[in-house]
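**Q** Structure, please.
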Amino acid sequence: MTESFSVYLEIIRVFATLLVFIGHTSSLYTPLSDIRPGIGRQGVIFFFVLSGYVISWCANEKESELRQFITNRAARIYSVALPAIILSFTVSLILYLANRSDFPYQLKRLWNYLPIYLSFTGDFWTLSETPPNDFPYWSLDYEVWYYVMFGLFFYLKARWRIYLTIFIALVIGPYITSMFPLWLFGSFIYFKGKNLRISKITAKLLFFVSTISYLYIAISNTDIHINDYNIFLNIHIIHWTPKYFLGDYVVGLLVVINFISASKIEFIIKKQLSFLIKKIASYSFSCYLFHIPILALVSTFIGKSDSIIVFIMEIFVIIFSVIFFAKFTEHKKALYRSFINNVFAKIKYAFSSNGNQ
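**A** Modelled structure (predicted):
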C-alpha cells in the first residue's frame, strides 16, 4: 500500500464517519431534521469495503499467525465495544432516573443480553438486539463475523476450511451473510487490484466518474428508490426481506471503483495535512459507537432547536465527549492487546503443563 493511498483511505474513514455523524445529529437542528434518510447507512457501506481492504492488508503484511490476527482484531473491537456497552447502560439509567424513559429491558435481564452484545450475535437470523441507546452497534455484529470467516479461511490451509466458512455463514444467517460480499470487495481490491493494469488517465477518469456518481446518488436518493425493487428478492422460505440490499450494492460497487482508481493515482498530500487526517481518523471508531448515547442525553435534556448557536454547542458537546472517551478507549487498545496476549500465554502454558504430566 502506497503512502498516498493509505492517506486516502484515512480520508474515506473520516468521510464515512461524518456521514454517520451528520445523519444522526441533524435531528438536533430543525432546519436539518429532514436531511436525506439513510445517509448514515451509506457510511457503513464505505466502512465495510474499507475494512475488507485494510484487514486483508494487515493479515497478509503484518500478521503472520492466526493468533496475531485474533489478538489485534479483538483489541481493536473490544477497546471501544466494551466501553460503548457501559456507556449505553449508564445513559439509559440516567434517562430512567430522570424520568425521561422507561427502565431498559436489557438491564432487567442483563445475564441474557450482555453475552449477546459481547459475542456480537445480536443480528443472527431473526434477532435484532443492540445495547440501549446505541443502535450503530448493529454493524459490529456483521463486521466481527466477517473477521471470523476471513481469518479462518486465510490462515487455515486445510481443505475443510471451505466447509467451515459455509457452516459459519449458515449459523449467522442471511442478513449478515448478504452483506459479506461488500466486505469481500475490499479484500478483492487488496489481493487483485495491484494486478489490474490501468493507465493514469483512465484511473483519474474512473475516480472522477465514481465520485460524481456517488454524490449524485447521495443527493438524489437514488439508492433509496432502487430499494423499492427489493421486494423481488424476498425469500419466503426464511422470511428474509433484504430492505436495503440493492441500494447498498450500488453504493458498494461505486466505492470499489473509486478505491481501485484511487490506488492507481499518486495524490500529493503535505505531511502536515496527512498527519492531521490520520489524527482525526484515529477517533473514528469511538465517534461511531459513542456519539449516539451522548446524543441521547443531549437530545433529551436540551432537545431539538431552531437556534444555530444551540445546535453548534450541542455538536461541540458530543465531539469533545467522544474525544475524551477515545483517549481512554480506542487510543488504549495496546493495553487490550497485552491482556489478550497474556491470556493466550497462560492457556498455552496450561496445555503444555498438562501435556508434560
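**Q** State the mean pLDDT of stretch 179-188.
**A** Stretch 179-188 shows an average pLDDT of 94 in the prediction.
**Q** ok, now stretch 247-255?
**A** Average pLDDT, stretch 247-255: 92.
**Q** That stretch: how far from the chain's middle?
**A** 16 Å (Cα atoms, centre = their mean, to the nearest Å).
**Q** Check which residues of the helix or strand residue 169 falls within are buried.
**A** Per DSSP states H and E: residue 169 is located in helix 161-172. Buried positions in helix 161-172, judged by neighbour count with 16 or more other Cβ atoms under 10 Å: 165, 168, 172. In this view, the C-beta of every residue, glycine as well, is placed from N, C-alpha and C.
**Q** How about stretch 214-222?
**A** Neighbour-count burial for stretch 214-222, counted by 16+ other Cβ under 10 Å, picks out 214, 217, 218, 222.
**Q** so which of those residues comes closest to residue 42?
**A** Of all those, residue 42 sits closest to residue 218, with 6.5 Å by Cβ to Cβ.
**Q** Just the pLDDT at the closest one, thanks.
**A** What the model reports as pLDDT for residue 218 is 88.
**Q** go on, the one 5 residues further on?
**A** The confidence metric pLDDT takes the value 81 at residue 223.
**Q** Near it, how many residues? Count them for me, please.
**A** 24 (other Cβ atoms under 10 Å).
**Q** can you tell me how far it sits from residue 315?
**A** Separation of residue 223 from residue 315 (Cβ to Cβ, to the nearest Å): 26 Å.
**Q** ok, now residue 76?
**A** Separation of residue 76 from residue 315 (Cβ to Cβ): 27 Å.
**Q** and what of residue 308?
**A** 10 Å.
**Q** okay, those two: which has more neighbours?
**A** With neighbours defined as other Cβ under 10 Å, residue 308 and residue 315 compare such that residue 315 has more, 17 against 11.
**Q** unless I'm mixing things up, residue 66 is touching residue 157, no?
**A** No. Residue 66 lies out of contact with residue 157 (Cβ atoms under 8 Å); the separation is 10.8 Å.
**Q** These two: which has the busier surroundings?
**A** Taking other Cβ under 10 Å, residue 66 and residue 157 do not tie; residue 66 has more neighbours (14 against 6).
**Q** Okay, buried residues for stretch 311-321 please.
**A** Applying 16+ other Cβ under 10 Å to stretch 311-321 flags 311, 314, 315, 318, 319, 321 as buried.
**Q** quick one: the nearest residue to residue 61 once chain neighbours are set aside from residue 277, how far?
**A** Nearest non-adjacent residue to residue 61, counting by Cβ to Cβ, 6 or more residues apart in numbering: residue 1, 7.9 Å away. Separation of residue 1 from residue 277 (Cβ to Cβ): 15 Å.
**Q** of the two, who's got more company?
**A** Taking neighbours as other Cβ under 10 Å, residue 1 and residue 277 compare with residue 277 leading, 18 against 14.
**Q** which SSE is the more buried one in?
**A** Per DSSP H and E: helix 271-281 holds residue 277.
**Q** about what we covered before: could you list which of the buried residues of stretch 311-321 belong to helices?
**A** Among the buried residues of stretch 311-321, DSSP state H puts 311, 314, 315, 318, 319, 321 in helices.
**Q** residues touching the third one, list them.
**A** Under the criterion of Cβ atoms under 8 Å, 6 or more residues apart in numbering, the contact list for residue 315 reads 25, 28.
**Q** Report the separation between it and residue 94.
**A** Distance, residue 315 to residue 94, using Cβ to Cβ: 20 Å.
**Q** picking that back up, right, and out of the ones in helices among the buried residues of stretch 311-321, which lies closest to residue 115?
**A** residue 321 (27.9 Å).
**Q** give me the number of residues near the closest residue to that closest one other than its chain neighbours?
**A** Computed as Cβ to Cβ, 6+ apart, the closest residue to residue 321 that is not its neighbour in sequence is residue 294, at 4.8 Å. Other residues lying near residue 294 total 23 when counted by other Cβ under 10 Å.
**Q** which parts of whatever helix or strand residue 294 lives in are buried?
**A** According to DSSP H and E, residue 294 maps onto helix 284-301. If you call a residue buried by 16+ other Cβ under 10 Å, then helix 284-301 has these buried ones: 284-299.
**Q** what does stretch 18-26 give?
**A** So for stretch 18-26, counting by 16+ other Cβ under 10 Å, buried means 18, 19, 20, 21, 23, 24, 25, 26.
**Q** got it, and stretch 77-93?
**A** Within stretch 77-93, the residues that count as buried by 16+ other Cβ under 10 Å are 77-81, 83-85, 87-89, 91-92.
**Q** and if you look at stretch 59-69?
**A** Applying 16+ other Cβ under 10 Å to stretch 59-69 flags 59, 63, 68, 69 as buried.
**Q** Check what pLDDT the last one gets.
**A** This means residue 69. Value listed for residue 69 in the pLDDT field: 94.
**Q** does it really touch residue 61, like I thought?
**A** No. The criterion here is Cβ under 8 Å, and residue 69 misses it with residue 61 at 11.9 Å.
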